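Engineer: here are the coordinates; sequence isn't available:
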């Protein structure tokens, strides 16, 4: 579960645009322009910036950062990630979660057997995937779908996983269970 001092990454500078200090930003927010909607952003090294979105081009946002006035300064920000405090973000509807809220949740099988801890959330284009570090040290990627994730219980800090046949890499009994069920 997200700690009180948790930060959420809203986007990353991917390069400079033009000569007057504008930057190109890859946004990680649902509405791309929201990368600038929650007030000043902070960086991994503790700097604080005020970002203003000025447009979009080639799948990224174009923006100005207060205090950045030329291409060299803008180019120096390449790779810098922008964060805001989790508390600055709006409340979500039921069944909708910020990635930062899922990281750190305990993962259990539906029957209550401890599985591990959610360590990251990825999206490679086909939907969110939860990275779960298992008790034995291995990691598994689990689809964040209704078929696999039976329940997310933010109050208890747990997600409950439906152990579908073949879901886990070392699931040698999957074929046998499928034969028994079919």
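Structural biologist: Perfect, thanks for sending it. Keep in mind it's a predicted model, so treat the numbers as computed, not measured. Residues are numbered from 1 along each chain as shown.
Engineer: use CA for all of it now, contacts and neighbours both
Structural biologist: Will do.
Engineer: thinking residue 48 is in contact with residue 39, fair?
Structural biologist: No. Residue 48 is not in contact with residue 39 according to Cα atoms under 8 Å; the separation is 10.2 Å.
Engineer: Now do the helices in this protein.
Structural biologist: For the chain, the helices defined by DSSP state H cover 71-75, 99-102, 174-181.
Engineer: Report the separation between residue 140 and residue 161.
Structural biologist: In this view, residue 140 and residue 161 are 12 Å apart by Cα to Cα, to the nearest Å.
Engineer: again with residue 78
Structural biologist: Taking Cα to Cα, one finds residue 78 at 38 Å from residue 161.
Engineer: which of these two has more neighbours?
Structural biologist: residue 161 (23 against 16; other Cα atoms under 10 Å).
Engineer: Report pLDDT for the more buried one.
Structural biologist: Listed pLDDT for residue 161 reads 93.
Engineer: ok, now which ones touch it?
Structural biologist: Counting by Cα atoms under 8 Å, 6 or more residues apart in numbering, residue 161 makes contact with 107, 108, 109, 110, 148, 149, 150, 151.
Engineer: number of nearby residues for the third one?
Structural biologist: Residue crowding around residue 109 was assessed by other Cα under 10 Å; the count is 16.
Engineer: Find the nearest non-adjacent residue to it, please.
Structural biologist: Excluding the flanking residues, the one nearest residue 109 by Cα to Cα, 6 or more residues apart in numbering is residue 161, at 4.7 Å.
Engineer: now that neighbour, which residues is it bridged with?
Structural biologist: Here residue 161 sits in beta bridges with residue 109, residue 149, as judged by DSSP bridges.
Engineer: So what are the structural domains in the chain, by residue number?
Structural biologist: 7-88, 99-174 (automatic domain parsing).
Engineer: And these, which one averages the lowest pLDDT?
Structural biologist: domain 99-174 (a mean of 87).
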